[in-house]
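Sequence plus the predicted model coming up.
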Amino acid sequence: MLSLDKLQSTGKKATRDGFGAGLKAAGDQHDNVVMLTADLRGSMKSEDFINTYPDRFIQCGISEANMMGVAAGLATAGKIPVTTTFANFSTGRVYDQIRQSIAYSDKNVKICASHAGLTLGEDGATHQILEDIGMMRMLPGMTVINPCDYNQTKAAVQAIADHHGPVYLRFGRPSWPIFIPEDTKFEIGKALHLSEGSDVTIFATGHLVWKAVEAARQLAEEGISVDLINIHTIKPLDEEAVIASAKKTGAVVTCEEHNKYGGLGSAIAECLAKHHPTRQEFVATDDTFGESGEAEELLEKYGLGTKDVVAAVKRVLGK
């Protein structure tokens with residue numbers, strides 16, 4: 001297990017940079033990894049892979065639905081296709097193709113989606129998808145992963161290349177603190193325990209893990225002990241870790257850059273309702289679309305900042 005003292009930022013890089021590094025590493029390890037993109041090779045930070053393996057790169061143009069069909073065909077032929085575009089276009093625009101051509105037949109397609117959530121920033125609400133985790137985790141057999149920093153995203157890409165079956169990998173645009181040690185093992189479906197605590201559990205995913213780390217430090221100064229758990233794999237959920245922590249603390253806060261409906265908070269609530277009903281507060285967008293703005297300003301405006309995590313902990317504890 002890690003600890004709050006060890007969770008220090010060693011610099012900043014975008015999670016999409018981690019995707020690019022992980023894709024190159026996965027390509028080195030698997031000669032059947034093929035990258036497809038919908039006219040976004042630069043935004044996906046994939047130049048190292050493309051320059052090294054130009055014959056394993058397919059430019060589909062701005063035709064995302066067609067890209068999903070091509071990926072399904074490549075998977076049938078034994079390739080490991082990795083589709084790349086923004087999260088909104090990886091899900092909302094192509095949901096029918098994913099359901100019918102990929103999920104229904106359990107195709108080994110890796111749907112890699114950048115620029116997710118509010119932190120997309122200036123492009124605004126039409127691009128800031130906040131419903132994608134819910135959409136994708138409802139598909140039978142779909143693995144859903146939302147890593148929290150550069151190192152974890154790089155490791156996640158390599159893990160999904162080793163994993164057989166459809167995967168949705170969600171990551172983001174902005175430079176973000178790097179705080180997960182580079183040698184930390186990434187195991188699909190296994191939560192990462194970041195710090196031991198006894199008063200309250202914080203389950204966090206994606207960019208909000210760092211906000212939860214900051215909040216846990218502030219709460220520790222106030223005498224509140226946080227059991228902090230990084231849920232990078234939302235489906236399959238590590239129910240054992242969720243239930244064990246909820247039994248220990250008796251109070252839960254979930255943190256995500258996503259709508260309060262359908263995402264991590266819903267997954268945790270479903271698990272605990274069945275196995276160990278527990279008081280819960282949600283740090284998530286409140287059933288709304290986003291807007292254009294700076295990433296950090298948007299997180300603050302929409303209730304996803306460090307202070308909002310602290311406030312949710314105090315609410316669930318009745319303070």
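Structure received.

tell me the phi and psi of the closest residue to residue 131 other than its chain neighbours?
Closest residue in space to residue 131, ignoring its immediate chain neighbours: residue 259 at 5.5 Å, by CB to CB, 6 or more residues apart in numbering. All C-beta spots, glycine's among them, are computed from the backbone N, C-alpha and C. Phi and psi for residue 259, reported as degrees, to the nearest 10, are phi -60, psi 150.

Can you tell me how far residue 259 is from residue 303?
Counting by CB to CB, to the nearest Å, the gap between residue 259 and residue 303 amounts to 12 Å.

ok, now residue 89?
From residue 89 across to residue 303, the span is 26 Å (CB to CB).

okay, these two: which has more neighbours?
For residue 89 versus residue 303, neighbours defined as other CB atoms under 10 Å are more numerous around residue 89 (22 against 18).

close enough to count as contact, the more buried one and residue 38?
Yes: at 6.4 Å, residue 89 counts as touching residue 38 under the criterion of CB atoms under 8 Å.

Mutual contacts of those two, please.
Residues within reach of residue 89 and of residue 38 at once, by CB atoms under 8 Å, 6 or more residues apart in numbering, are residue 64.

residue ranges of the helices in the chain, please?
Ranges of helices in the chain, per DSSP state H, are 15-29, 47-52, 64-76, 87-91, 95-97, 132-137, 150-162, 208-221, 239-249, 264-275, 295-301, 306-316.

The second one packs against which elements?
Contact partners of helix 47-52 among helices and strands, from 3 or more CB pairs under 8 Å, 6 or more residues apart in numbering; DSSP states H and E: helix 15-29.

Low-confidence stretches in the stretch 1-150 of the chain?
Regions of the stretch 1-150 of the chain meeting the criterion pLDDT under 70 cover residues 1.

mind checking how far residue 122 is from residue 299?
Relative to residue 299, residue 122 is positioned 14 Å away (CB to CB).

With neighbour numbers in mind, choose between those two.
When neighbours are counted by other CB under 10 Å, residue 122 and residue 299 differ, and residue 299 comes out ahead with 23 against 12.

quick one: that one and residue 118 touch, right?
Yes: under the criterion of CB under 8 Å, residue 299 is in contact with residue 118, at a separation of 6.1 Å.

Give me the common contacts of these two.
Listed contacts common to residue 299 and residue 118 are residue 257; contacts here mean CB under 8 Å, 6+ apart.

show me the contacts for the spatially most central residue of the chain.
Among the residues of the chain, the smallest C-alpha distance to the mean C-alpha position (CA atoms, centre = their mean) belongs to residue 146, namely 1.2 Å. If a contact means CB under 8 Å, 6+ apart, then residue 146 has 116, 133, 169, 170, 171, 205, 206, 232, 234, 256, 264 as its contacts.

Touching both of residue 259 and residue 303, which residues are there?
284, 285.

Let me see the domain layout of this protein.
The chain is divided into the following domains under automatic domain parsing: 13-177, 183-316.

Tabulate those domains in CSV, adding columns for distance to residue 6.
Listed next are those as CSV, based on distance: least, CB to CB, whole Å:
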stretch, distance to residue 6
domain 13-177, 13
domain 183-316, 9
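
Tell me which of these approaches residue 4 most closely.
Evaluated over these, closeness to residue 4 peaks at domain 183-316, with 4.7 Å, by CB to CB.

Distance from stretch 237-246 to the middle of the chain?
Chain-centre distance of stretch 237-246: 18 Å, with CA atoms, centre = their mean, to the nearest Å.

Buried residues in it, which are they?
Buried residues in stretch 237-246, defined by neighbour count with 16 or more other CB atoms under 10 Å: 237, 238, 239, 241, 242, 243, 244, 245, 246.
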